[in-house]
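*Asks:* Predicted model follows, preceded by the sequence.
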Amino acid sequence: MKINKYYILGAITLLTILASCEKNEVLLFENYNCEFRFQDNSSAHPKATLYQNILEKNRKNGLVGAVLLVRDKDGLWIGADGKADIASNVDMQSCNNFLIASISKVFTSAATYRLIDKGILSLEDPVSKWLDEAVVKKVDNAEKAKIKHLLSHTSGIPDYYTLQFELDRINRITNNFTKEKVLKYTYGKSATNSVGETYYYSNTNFLILAMILEKASGLTFEEVYQQEVFTPLELNSAYYSEERPIPEGCVKGYVDIYGNGQYVESEFLYNDELGIGGDGGIAVNAYDLAIFFEGLMKGNLISTSSINEMTNWFDLPEDWTSSDDPYGQNENGYGIEKFNTVHGPAVGHTGGIDGFSTIALYFLNEEATYVLLLNSAGNEKGAIAREEIYKEITSEMFK
């Protein structure tokens, strides 16, 4: 995932914020207690002990908590390790909800294709068909961009993650952000490229998609998610709200602000950033996240023609790829990412927000699934541990 953030968390600003924050609230275990809607037989998986040992070994090397899901030829395994809440001393459970950040974009894509399948939207619809003219004229490239350009990050519309957005997000206790307010951060900013010319990851694309989905459906965006994605796939843990962005029972997020291995709760950073559009904000557990990607790719949510449109791959520009990327993402589709891994092609997405790091992959050839949800970020050792979990687990998955 490419998050176009500035990460301008200077020491003086952060000390001021942290000093003003109340002591971390201590909650009871019951606040986080959860259960799956099915009989979890993970302990019976032939590699249960191996998978758990890999998770525990690497989690202890710089990560607060983790939930890992694997579906391989031997079946389903879900495991957890670490803490859901440090201050409350609550252990992580495999059914706990996490904020999945930009993985939410694929949910938005799915909802878009659902409306396309119903004949309400078209990939060729211009943004100007659905947004007010006064707004469209203030966002560079919005007059020429179409829904297909938003889904594929080829609109050239600038990212709202500007320096000013970060300053406001960090320095104000609350911003009461709305989609319209956030979109204003792009006003007066130049397009990154001509419409359709090339790929440039911009969160604004999915902010605008959320506005279009609301206008086209006559529903709130929360209702769109519920009606078009959560309910059809019975994703009972999935949550999105613009009134109360963080659901009860969602694990706490943590950041290593100073890079010294000491984590602090980061809700004061991410709380005001959630529930403002289709680019991030969903909370869900690992099982339902796996069910979403499996159901999406198997045709349980959108039509075959929509799946084909979504997976119409194109190469990413060289400046958006990296030779040391452990996941091997060098292609993109229209609403989903493709990872050309050493184990074969996979589709999915990654996500990152202050205190959370997530990835969900569905391996096409093997029909296997890998989901890793972490509630910590900003630590170099933790980043290495995240990659090691992926490498070691996927190596075992395909033996």
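*Replies:* Good, I have the coordinates.

*Asks:* end-to-end on stretch 80-93?
*Replies:* 6 Å (CA to CA, to the nearest Å).

*Asks:* gap between Val26 and Asn89?
*Replies:* 8 Å (CB to CB, to the nearest Å). Placement of C-beta: from N, CA and C, glycine included.

*Asks:* what helix or strand does Glu25 sit in?
*Replies:* For Glu25, there is no host helix or strand (DSSP states H and E).

*Asks:* how far away is it from Glu267?
*Replies:* Counting by CB to CB, the gap from Glu25 to Glu267 is 10 Å.

*Asks:* out of those two, which sits in the busier spot?
*Replies:* The residue with more neighbours, out of Glu25 and Glu267 and counting by other CB atoms under 10 Å, is Glu267; that gives 20 against 12.

*Asks:* can you tell me how far that one sits from Arg37?
*Replies:* Going from Glu267 to Arg37 by CB to CB gives 27 Å.

*Asks:* Now do the host helix or strand of Val347: which elements does it pack against?
*Replies:* Element membership for Val347 (DSSP H and E) is strand 344-353. Strand 344-353 sits against helix 104-117, helix 286-297, strand 337-341, strand 356-363, with contacts defined as 3 or more CB pairs under 8 Å, 6 or more residues apart in numbering; DSSP states H and E.

*Asks:* Can you list the buried residues in it?
*Replies:* Of all the residues in strand 344-353, those buried under the rule 16 or more other CB atoms under 10 Å are 345-353.

*Asks:* what does it rub up against?
*Replies:* Strand 344-353 is contacted by residues 1, 3, 99-106, 253, 270, 273-274, 280, 293, 297, 311, 327, 333, 336-339, 357-366, 370, 377 when judged by CB atoms under 8 Å, 6 or more residues apart in numbering.

*Asks:* What segments of the stretch 151-300 of the chain are strands?
*Replies:* 254-255, 264-265, 283-284 (DSSP state E, counting those that start in this stretch).

*Asks:* Including distance to Ala383, could these go into CSV?
*Replies:* Shown next, in CSV, are those (distance: least, CB to CB, whole Å):
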stretch, distance to Ala383
strand 254-255, 12
strand 264-265, 17
strand 283-284, 23
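
*Asks:* looking at those strands, which is closest to Ser122?
*Replies:* strand 283-284 (28.8 Å; CB to CB).

*Asks:* Which elements pack onto the closest one?
*Replies:* strand 98-99.

*Asks:* and the strand it packs on, which strands flank it?
*Replies:* Taking DSSP bridges as the criterion, strand 98-99 forms sheet pairs with strand 283-284 (antiparallel).

*Asks:* Was I right to think Tyr185 contacts Glu166?
*Replies:* No - taking contacts as CB atoms under 8 Å, Tyr185 lies outside contact range of Glu166: 9.7 Å.

*Asks:* The two - which one has more neighbours?
*Replies:* More crowded of Tyr185 and Glu166, by other CB under 10 Å: Tyr185, with 21 against 17.

*Asks:* helix/strand/coil for Leu76?
*Replies:* Three-state assignment for Leu76 (DSSP: H, G, I helix; E, B strand; the rest coil): strand.

*Asks:* any idea of the pLDDT on it?
*Replies:* Looking at Leu76, its pLDDT reads 99.

*Asks:* OK, contacts around it?
*Replies:* Contacts of Leu76 (CB under 8 Å, 6+ apart): 41-42, 45, 69-70.

*Asks:* Tell me the spacing between the residue found closest to Asn58 once you drop the neighbours it is linked to in the chain and Asn379.
*Replies:* Excluding the flanking residues, the one nearest Asn58 by CB to CB, 6 or more residues apart in numbering is Ala385, at 4.3 Å. Ala385 is 9 Å from Asn379, where distance means CB to CB.

*Asks:* so what's in contact with those two at the same time?
*Replies:* Common contact partners of Ala385 and Asn379 (CB under 8 Å, 6+ apart): 62-63.

*Asks:* quick one: buried residues of stretch 221-230?
*Replies:* 221-222, 224-226, 228-230.

*Asks:* just checking, which of those residues belong to helices?
*Replies:* Taking DSSP state H as the definition of helices, those contribute 221-222, 224-225.

*Asks:* that older thread, can you tell me what sits against the helix or strand the residue nearest to Asn58 falls within?
*Replies:* In this assignment (DSSP H and E), Ala385 forms part of helix 380-397. For helix 380-397, contacts defined as CB under 8 Å, 6+ apart pick out 47, 50-51, 54-55, 58-59, 61-63, 66, 68, 70, 72, 256, 259, 261, 326-327, 341, 343, 357, 359, 366, 368, 370, 372, 374, 376.
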